[in-house]
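>>> Next one to model:
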Amino acid sequence: MLKLDILLATVLYAGLGIVIFIVSFVLVDKLTPGELWREIIERKNTAVALLAGAVAIGISNIIAAAVHG
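Below you'll find the model as predicted:
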């Protein structure tokens, strides 16, 4: 049976992880030259899309390791 304190902690950590991910990804977007989304959506640049995906996976792994302990 799932207890309320465990459920609340899970929701809190998930929300915190999502916020940290969004802030980190926006920071990476600002630090890279050009605009990532314009390159991916308008110019169909596959290399930039792969870079953005790799960055997203890397940031997610770091956040998951930090939250897990």
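
>>> When you work out contacts or count neighbours from here on, use the C-alpha atoms and nothing else.
Noted.

>>> State the pLDDT value of residue 2.
At residue 2, the pLDDT value in this model is 77.

>>> quick one: it and residue 11, what's the gap?
13 Å (CA to CA, to the nearest Å).

>>> Comparing the two, which residue is more hemmed in?
Applying other CA atoms under 10 Å to residue 2 and residue 11 shows that residue 11 carries more neighbours, namely 12 against 6.

>>> so who does the residue nearest to the spatial centre of the chain touch?
Nearest to the mean C-alpha position of the chain, by CA atoms, centre = their mean, lies residue 21 at 3.4 Å. Listed by CA atoms under 8 Å, 6 or more residues apart in numbering, the contact set of residue 21 reads 56, 59, 60, 63.

>>> The residues you listed in helices, which ones?
Taking DSSP state H, the ones among these that sit in helices are 56, 59, 60, 63.

>>> so which two of the residues you listed are the farthest from each other?
Farthest apart among the ones in helices among the contacts of residue 21 by CA to CA are 56 and 63. That separation is 10.6 Å.

>>> Would you map the helices across the protein?
4-31, 36-41, 46-68.
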